[in-house]
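Novice: what follows is a predicted protein model with its sequence.
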Amino acid sequence: MAILEMCQWLNNTSVSVGIRESIYMFPFIEGTHLLGCGVSAGTIAISDLRLLGWNMQKHSASKVLGAVLPFTIAGFIIMMITGGLLFWAEPVKAWGSLWFKLKLVFMVLAGLNALIFHSTIYQNMDKWDIDLDPPMGAKLAGILSIVLWVLVIWSGRTTAYNI
């Protein structure tokens, strides 16, 4: 089954119609999605700015990242659940949107950036944890993360106003 055919099938399910036609459900889900985005992106920004050496320099990078990680994960889980429901509400329109596809690409790239960071630079954090000037790899991961998450949010908001 092709992706568009799956989206057309999904579009006709009772859940999709229910969310799409509800006066309260769609705005509630979208609002919750935006709150999750604020929590997740905000805590990611705090972590990234520490990786760049631009904030919280008196605190070790491991403490900053460790302190915000539960909030980052919680916000991300909320975003994924509500984002899935928003997609379920209008799958054909979403899949037909270039902005939605760009959002998915940017999310994958942000995930790869995090995976590479955690499997390389993060493994050696004990060597640079309290440095005021983190290593170039940490800085690169931080700036890429900020840029990619800005692009995810920008393309997501553009998707919302173009479908």
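Specialist: Perfect, I can see it now.
Novice: how far does the strand or helix carrying Pro27 sit from the chain's center?
Specialist: In the assignment (DSSP states H and E), Pro27 maps to helix 25-52. Here the centre of mass of C-alpha atoms in helix 25-52, compared against the chain's by C-alpha atoms, centre = their mean, to the nearest Å, lies 7 Å away.
Novice: what residues of that helix count as buried?
Specialist: 26, 29-30, 32-34, 36-37, 39-41, 43-52 (16 or more other C-beta atoms under 10 Å). Every residue, glycine included, has its C-beta placed from N, CA and C.
Novice: stretch 111-123 now?
Specialist: Buried positions in stretch 111-123, judged by neighbour count with 16+ other C-beta under 10 Å: Asn113, Ala114, Phe117, Ile121, Tyr122.
Novice: again with stretch 63-78
Specialist: Counting neighbours by 16+ other C-beta under 10 Å, the buried set in stretch 63-78 is Val64, Leu65, Val68, Thr72, Gly75, Phe76, Ile78.
Novice: of the residues you listed, closest to Lys103?
Specialist: Nearest to Lys103 out of these is Phe76 (C-beta to C-beta; 14.4 Å).
Novice: OK, contacts around the closest one?
Specialist: Phe76 sits next to Gly36, Ser40 when contact means C-beta atoms under 8 Å, 6 or more residues apart in numbering.
Novice: can you pull the contacts of the nearest residue to Ser145 once chain neighbours are set aside?
Specialist: Using C-beta to C-beta, 6 or more residues apart in numbering and skipping residues adjacent in sequence, the residue nearest Ser145 is Asp48, 4.7 Å away. Going by C-beta under 8 Å, 6+ apart, Asp48 touches Ala141, Gly142, Ile143, Ser145, Ile146.
Novice: any low-confidence regions in this structure?
Specialist: In the predicted model of the chain, residues 1 satisfy pLDDT under 70.
Novice: how does it look with 90?
Specialist: 1, 57-58, 126-133, 160-163 (pLDDT under 90).
Novice: one step back: in helices only, show me the buried residues of stretch 63-78.
Specialist: Val64, Leu65, Val68, Thr72, Gly75, Phe76, Ile78 (DSSP state H).
Novice: for Gln8, state which of those residues is nearest.
Specialist: Out of those, the member with the shortest distance to Gln8 (by C-beta to C-beta) is Ile78, at 27.8 Å.
Novice: ok, now which ones touch the closest one?
Specialist: Per C-beta under 8 Å, 6+ apart, neighbours of Ile78: Thr32, His33, Leu35, Gly36, Val39, Ser40.
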